[in-house]
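> Output the structure for:
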Amino acid sequence: MTSGVLHKYFLSNTGRCIHKCGHYFDIYERHLSRFVGKQVTMLEIGVGLGGSLQMWKSYFGKNSKIIGLDIRPETKKFEEEQIEIFIGSQDDPKVIEWILTEYPYIDIVLDDGSHKMHDMVKSFELLYDRISPFGVYIVEDTHTCYWDIYEGGLKRKGSFIEFTKDAIDRLNAMHTKGEIPVDKFTKYTDSITCYTSSVVFDRRPKGRIVGIETGEK
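A predicted model of the protein is given here:
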């Protein structure tokens with residue numbers, strides 16, 4: 001059960017506008033509450049009107065650093081203490097590398113960016129292996145995976161939902177008798193949780209992974 005702190009913040013917010021689906025707040029707390037009060041660094045892709053950056057700052061506390069990434073230069077005005085905003089495209093390797101150079105220890109990534117399939121997949125590929133071993137990667141508004149206007153469609157190749165289905169196989173690679181190679185994703189992913197309109201990847205090193213079918217210990 002979650003505390004409802006984030007939802008209450010959203011409902012009583014008098015600061016900058018926050019645009020989020022109501023059921024996201026319980027998801028956030030379920031996966032992110034362990035970071036509250038810690039020295040946590042979070043990257044939110046898609047700044048909107050700046051309100052969610054303020055919400056994360058309030059939620060995680062004075063030891064947190066909140067980073068925003070947006071293609072719109074005007075969002076730079078939403079910077080304040082503990083909040084820094086980078087301008088660029090979420091699918092640009094140079095932009096991602098710029099952020100990682102400045103902040104090499106990112107704990108949480110929340111993709112609320114363009115919601116286009118190419119961008120969602122590319123950002124994940126650029127960032128996932130680079131965040132902390134016990135970090136969390138959230139992709140929200142995945143209902144766009146079913147909409148043509150966002151390069152999506154039911155079972156459409158290249159959609160982030162189809163990417164996630166493949167990721168489930170990669171999560172279980174050690175059981176496929178070599179058909180799927182065990183890679184960094186397999187070794188550092190603890191779980192993939194699918195919700196309505198969002199997917200959460202929780203990272204956790206698994207230690208030594210072996211082929212169970214061989215009986216090796």
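> quick one: contacts for the nearest residue to Tyr103 once chain neighbours are set aside?
Once flanking residues are discounted, Tyr103 sits nearest to Thr41: 5.5 Å by C-beta to C-beta, 6 or more residues apart in numbering. Every residue, glycine included, has its C-beta placed from N, CA and C. Contacts for Thr41 were tallied using C-beta atoms under 8 Å, 6 or more residues apart in numbering; they are 64-67, 103, 105-108.
> Tabulate the residues you listed (TSV), appending neighbour count and distance to Thr142.
Shown next, in TSV, are those (neighbours: other C-beta atoms under 10 Å; distance: C-beta to C-beta, whole Å):
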residue	neighbour count	distance to Thr142
Ser64	22	26
Lys65	19	26
Ile66	25	23
Ile67	23	22
Tyr103	16	25
Tyr105	13	27
Ile106	20	21
Asp107	23	22
Ile108	24	17
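> any chance of these in a markdown table, with secondary structure, distance to Pro133 and pLDDT too?
Conversion of these to a markdown table gives the following (DSSP: H, G, I helix; E, B strand; the rest coil; distance: C-beta to C-beta, whole Å; pLDDT from 0 to 100):
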| residue | secondary structure | distance to Pro133 | pLDDT |
| --- | --- | --- | --- |
| Ser64 | coil | 19 | 97 |
| Lys65 | strand | 18 | 98 |
| Ile66 | strand | 21 | 98 |
| Ile67 | strand | 19 | 98 |
| Tyr103 | coil | 16 | 97 |
| Tyr105 | coil | 10 | 95 |
| Ile106 | coil | 12 | 98 |
| Asp107 | coil | 10 | 98 |
| Ile108 | strand | 13 | 98 |
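> now, among these, which is nearest to Lys76?
Lys76 has its nearest neighbour among the contacts of Thr41 in Ile67, at 12.5 Å by C-beta to C-beta.
> For that closest one, give its distance to Lys116.
Going from Ile67 to Lys116 by C-beta to C-beta, to the nearest Å gives 21 Å.
> now do Arg34
For Arg34 relative to Lys116 (C-beta to C-beta), the value is 31 Å.
> Please say which of those two ends up with more neighbours.
The neighbour count for Arg34 versus Lys116, taken as other C-beta atoms under 10 Å, is higher for Lys116 (18 against 11).
> mind listing what's buried in stretch 168-185?
By neighbour count, with 16 or more other C-beta atoms under 10 Å as the criterion, the buried positions of stretch 168-185 are 170-171, 173-174, 180, 182, 185.
> Same check on stretch 40-52?
In terms of neighbour count (16+ other C-beta under 10 Å), stretch 40-52 has its buried residues at 40-48, 50-52.
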